[in-house]
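S.K.: what's the 3D shape of this:
(chains A and B)
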Amino acid sequence: MAVAASRDATEAATRDNIEALFLASTTHPFLDRQNSVIVSEALNLPQTVRAMDAGGSQRAGTTAMLCAVDAVRSGCSSALVIGSEHRRTRVGSRMEMLSGDAAAAIVMGSEQVLANFVDAYYVSCDLVDHYRMDGFDFDYEWEERWIRDEGYMKLVPLAVSKLLEKAGLSISEIDHFILPSLQQQLSTAVAKQLKLGSDKVVDGLIERCGHSGVAHPLLLLAHTLERAAPGERILVIGFGQGCDALLFRATDAIAGAPKKRGVSGWLERRAPDSNYARFQTFNALVERDYGKRAEGDKLTPMSALFRNRKMVNSFLGGRCSKCGTVQFPKSVYCVNPECGAAATQADHPIADETGTVRTWTADHLTFDMNPPAYFGMVEFGAGGRAMVDFTDVVPETLDVGTPVTLQFRIKQFDKQRGFRRYFWKASPA
Amino acid sequence: MASGIKDKIVILGMGCSRFGERWDDEPAQLMSEAFEECIDDAGISKNDIEAAWFASAIDSVNVGPSALPLSMALRLPNIPVTRVENMCASGTEALRGAAYAVASGAVDIALALGCEKLKDTGYGGLPQRSRGVTNDLHYPNLSAPGSFAQLAAGYRAAHRIDKHDLKRAMAHVSVKSHANGAKNPKAHLRREITEEQAIGAPMIAEPIGLYDCCGVSDGASCAIVTRPEIARSLGKQNLVAIKALQVCVSNGTEVGHNSWDGSHLVTTQIAARRAYDEAGIKSPRQEISMTEVHDCFSITELVTMEDLGIAPQGRGVTDVLDGSFDAAGKVPCQIDGGLKCFGHPIGASGLRMVYELYLQLQHRAGPRQLADPVLGLSHNLGGFPFQNVAAIAIVGQL
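M.R.: A predicted model of the protein is given here:
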């Protein structure tokens, strides 16, 4: 999700300008292996990128944005901030009903910005509305009314008033108020206390995508930027053991900004699924029998992964300097039967190409987390082909000729050793 | 210019175990069953064998690595034994090794034996296994039917064939093989099926259904080869000679270069061309009496008949539906039931195909005997449509 959001937020051509990457989450897949570096390789960012994982609180996303502000102010040409969350929730819980998995990415820099960072204010205090200790799978929550009255209703107005004071603004000058919360009415109640009209409160999207934890303030900011007019001020709150309040003001550039898929686009690209058992198995909430075919050893040799990281993480192929043929994987001898030149291939990025399905099947026999397993041969626009897994396939819609794009996804879990392997899958465009 | 293998090697004897779910038999028993038939047929003693080639493909769940399983199972007289593995084409590779050794004069009599013990996995189908460290990083986790199902997608798109027509032709391929297999006492699957059963069977990998898949079997088969003059000196008559042995291995063009459309097997076409040259065959459809092709899946057989030049390109569906490859057709295919019904103990399959051709050419095939076969072709394929090993043997009367 972090990679998908980042690819939507950035153009491949300008990714070389990203000098810092902050990945915020309380559900990082790896506790010790820098997750932001995996994202950085999937985006094919320069190896010199400063990458950091942030976490520990639902506020980590907005705090990461503040770090990015500092980075840009100290000379970093642009910084990518990603909030990404995939929270496991107890079966039948309120959290399960209200939560959603999502990622949002914000690029911060000093040129051609869509919104200027105005100022920020932050408060830290150990108010524990919920927690999850190391070794535990699920959050433990305290009473909603206490969270509302002692938490949001006190801390947010404090931070906002201090921020407005710093910025020399009045509350009436705020056009969009972003306060993510599991309590749907809460943002309106806080706004009312701040004497801000309820029409300024940004929809929390609880019903459409659920509360996505660390990602949510960034997600709502991205959603707001899709429709904000030049000059409008956007106030973003990140809440968790205190709160961050960040103020942005949309620039004139926002009017002519290139259209991305964005939050609205992803919400439209929906595939409703009412299979609750599938949700449970995907989130490892029940012990599902995957059959004997799933029992094979899933060891990932780290040395092999490392030497193949450009292929696996970045989906770089090779382009023959003699005949121009693009090939995947990159190889010693050119695959073009008319060429065959040795050691002529330079790295060639393929991940952002649109591909076309050449052969495919839906395999009901092989092990797959979500059977049937769709896979096949994909041919890429600028040349090259690869045999890859397909994902996000709507049954009966895939055929030879279907256009596809590549997505960075989980390829395999090694439950024996606690490892997950990533690779790219083709999804219908 | 190389003169090829034609007529330099004859088959002194052949044997084949019963194929099937041989729950109670060790690989050694399967090998011995095939070998006893073979050595009786050859009329020699075990000590006359000077070298052996052993084919087995999936050693991890099977007979174990190296040539030792064969040498120890048969208690061969400490002769050189070489284990060959080229996926499902391993059996033909063993025959090639033995034939080339004898043809070179390095030895006079050699054994080729293939054996596979697949039914100790605990589930149906082929064993789930690694494709290699680096391949596993990016390959889809494809099953065998999943890889060959893509041949159907590619073939259908290239020839603009309606999916129901193709499915019906695929069903015909399997119905025919079941009819043939029912007559073969050594076959794994010995009952006839109907076209409706084949079409209506559960889907395995679209469009391949259950009856489009071959049997996964335990079994062994073998051949003893020598040079013609030695066979004659042993009093052998009606000799069956090797006319061609060709192997073609993908070099990655299909999977990596956009010139391949996924509708056919490049390697089979090349191997066939070379084999016809070696055997001096000009018009395969007219000259070849029968074929045993690698019908791991019905679609593979259909496409292979085109790749061999026996069915015209794009006309496989019509030829199949016309019955051209049925027992009474122009070029009977899988008269023994094929991989489909005789079964597919991987390393044994290439030699099993030649075993059937050998029996037919010697008029020893019992109720399934064809009228007057002159030349038989076996096509043995290892791997996926997009990268594979194609092995072809042509045998005929000397």
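S.K.: Name the residues of stretch A:303-319 that are buried.
M.R.: Counting neighbours by 16 or more other CB atoms under 10 Å in any protein chain shown, one finds that the buried residues in stretch A:303-319 are A:304-305, A:308, A:310-319. For the C-beta atoms, the positions are set from N, CA and C on the backbone; glycine is no exception.
S.K.: Sorry, wrong one. I was asking about stretch A:120-136.
M.R.: For stretch A:120-136, a neighbour-count test (16+ other CB under 10 Å) marks A:120-123, A:127, A:129 as buried.
S.K.: With stretch A:167-186 instead?
M.R.: Neighbour counts over stretch A:167-186 (16+ other CB under 10 Å) mark A:167, A:169, A:171, A:174-183, A:186 as buried.
S.K.: and what of stretch A:25-37?
M.R.: Buried-residue list, stretch A:25-37, by 16+ other CB under 10 Å: A:25-28, A:35-37.
S.K.: mind giving me the domain split of chain B?
M.R.: B:10-120+B:218-238, B:144-215+B:241-397 (automatic domain parsing).
S.K.: Turn those into TSV, including mean neighbour count and mean pLDDT.
M.R.: Listed next are the domains of chain B as TSV, based on neighbours: other CB atoms under 10 Å in any protein chain shown; pLDDT from 0 to 100:
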stretch	mean neighbour count	mean pLDDT
domain B:10-120+B:218-238	21	96
domain B:144-215+B:241-397	22	97
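S.K.: between these, which gets nearest to A:Tyr140?
M.R.: In terms of CB to CB, the element of those nearest to A:Tyr140 is domain B:144-215+B:241-397, at 44.1 Å.
S.K.: Is there proximity between the closest one and chain A?
M.R.: Yes: remark: domain B:144-215+B:241-397 sits within contact range of chain A at B:145-146, B:149-154, B:156-157, B:202-206, B:208, B:252-253, B:255-259, B:261-262, B:385-386, by CB under 8 Å from any CB of the partner chain.
S.K.: on that earlier part again, mind checking the domains of chain B for the one nearest to A:Thr281?
M.R.: Closest to A:Thr281 of the domains of chain B is domain B:144-215+B:241-397 (CB to CB; 21.4 Å).
S.K.: what's the span of that closest one from first residue to last?
M.R.: Terminal residues of domain B:144-215+B:241-397 are spaced 35 Å apart (CA to CA, to the nearest Å).
S.K.: Same question for stretch A:39-48.
M.R.: The first and last residues of stretch A:39-48 sit 14 Å apart, counting by CA to CA.
S.K.: ok, and does it reach over to chain B?
M.R.: No: if you take CB under 8 Å from any CB as the test, stretch A:39-48 misses chain B, and the best it gets is 13.5 Å.
S.K.: Looking at that stretch now, give me its mean pLDDT.
M.R.: On average, the pLDDT along stretch A:39-48 is 97.
S.K.: For A:Ser321, which residues are in contact?
M.R.: Neighbour list for A:Ser321: A:344-346 [criterion: CB atoms under 8 Å, 6 or more residues apart in numbering or on different chains].
S.K.: again, 7 Å this time
M.R.: A:344, A:346 (CB atoms under 7 Å, 6 or more residues apart in numbering or on different chains).
S.K.: Does A:His176 touch A:His223 like I think?
M.R.: No: between A:His176 and A:His223 there is no contact under CB atoms under 7 Å: 9.7 Å.
S.K.: circling back to that earlier point, out of the buried residues of stretch A:167-186, which are inside strands?
M.R.: Among these, the ones falling in strands (DSSP state E) are A:176-178.
S.K.: Throw the residues you listed into TSV and include pLDDT, thanks.
M.R.: As requested, these are exported to TSV (pLDDT from 0 to 100):
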residue	pLDDT
A:His176	98
A:Phe177	98
A:Ile178	98
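S.K.: Which one of those is nearest to A:Lys298?
M.R.: Closest approach between these and A:Lys298, by CB to CB: A:Ile178, at 41.0 Å.
S.K.: about what we covered before: among the residues of domain B:144-215+B:241-397 next to chain A, which are located in helices?
M.R.: Within those, residues falling in helices by DSSP state H are B:145-146, B:149-154, B:156-157, B:253, B:255-256.
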